[in-house]
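# Sequence and computational prediction follow.
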Amino acid sequence: MPFRLTPRPTVRSLAVWMAAGLGLLACSAPRVEFENTQPAKEQARQQAQAAGSLYGGWRVYQQRCASCHGEWADGAGGAPNLLLRVRDLGPQRFVDLVLRRYSKDLLPEGGGTPRETLVDEVLERRSGALSMPAWQGDPVVQAHVMDLYAYLNARAEGRQGTERPAR
């Protein structure tokens, strides 16, 4: 039996054969499409719901915020209506505003620039104090800031009424 030498495959020929095999495999595989059926805002809302306790947030709100923003966060206490403002905030922005500083550019929709809107609120006596304390040094607010966000976000979206949330 004669002995035959077969040429050794080169890297180039192996790459060609692998590409051809992958091409055939791709043609025969069913087409898979991924579709985002849930908008990013909805996903963020669900994450925020899981991140905090409504009852804990209600309790902190009543202790620290209700005297200025009203019992139901609607601005009845003279300070801004939080229901209009929290609706469009994500949890990170909310935490930044509450713990670090109050930004005067966080104003409700409609009407002029933020500065003009602020001046109008002051002149019409719709705005109370122009500054909100930074709650960074308050251990209760620090420990429950995500609960506070969960409560105010639920109120803003209509998932929580004015009644006390269940424990």
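Looks like it arrived, so ask away. Treat the numbers as computed from the prediction; the structure is a model and nothing was measured. Numbering: from 1, shown residues only.

# which element follows the lowest-mean-pLDDT helix or strand in the chain toward the C-terminus?
Using mean pLDDT, DSSP states H and E, the weakest-scoring helix or strand in the chain turns out to be helix 114-123, at a mean of 56. Scanning forward in sequence from helix 114-123 by DSSP states H and E, the next helix or strand is helix 139-157.

# Tell me the buried residues in that next one?
141, 144-156 (16 or more other Cβ atoms under 10 Å). Every C-beta, even on glycine, is put in place using the N, C-alpha and C of the backbone.

# will you turn those residues into JSON lines that also has pLDDT and distance to Glu163?
Converted to JSON lines, the buried residues of helix 139-157 look like this (pLDDT from 0 to 100; distance: Cβ to Cβ, whole Å):
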{"residue": "Val141", "pLDDT": "89", "distance to Glu163": "23"}
{"residue": "His144", "pLDDT": "91", "distance to Glu163": "20"}
{"residue": "Val145", "pLDDT": "91", "distance to Glu163": "23"}
{"residue": "Met146", "pLDDT": "92", "distance to Glu163": "21"}
{"residue": "Asp147", "pLDDT": "93", "distance to Glu163": "17"}
{"residue": "Leu148", "pLDDT": "93", "distance to Glu163": "18"}
{"residue": "Tyr149", "pLDDT": "92", "distance to Glu163": "19"}
{"residue": "Ala150", "pLDDT": "92", "distance to Glu163": "16"}
{"residue": "Tyr151", "pLDDT": "94", "distance to Glu163": "12"}
{"residue": "Leu152", "pLDDT": "94", "distance to Glu163": "15"}
{"residue": "Asn153", "pLDDT": "92", "distance to Glu163": "17"}
{"residue": "Ala154", "pLDDT": "92", "distance to Glu163": "12"}
{"residue": "Arg155", "pLDDT": "93", "distance to Glu163": "11"}
{"residue": "Ala156", "pLDDT": "92", "distance to Glu163": "16"}
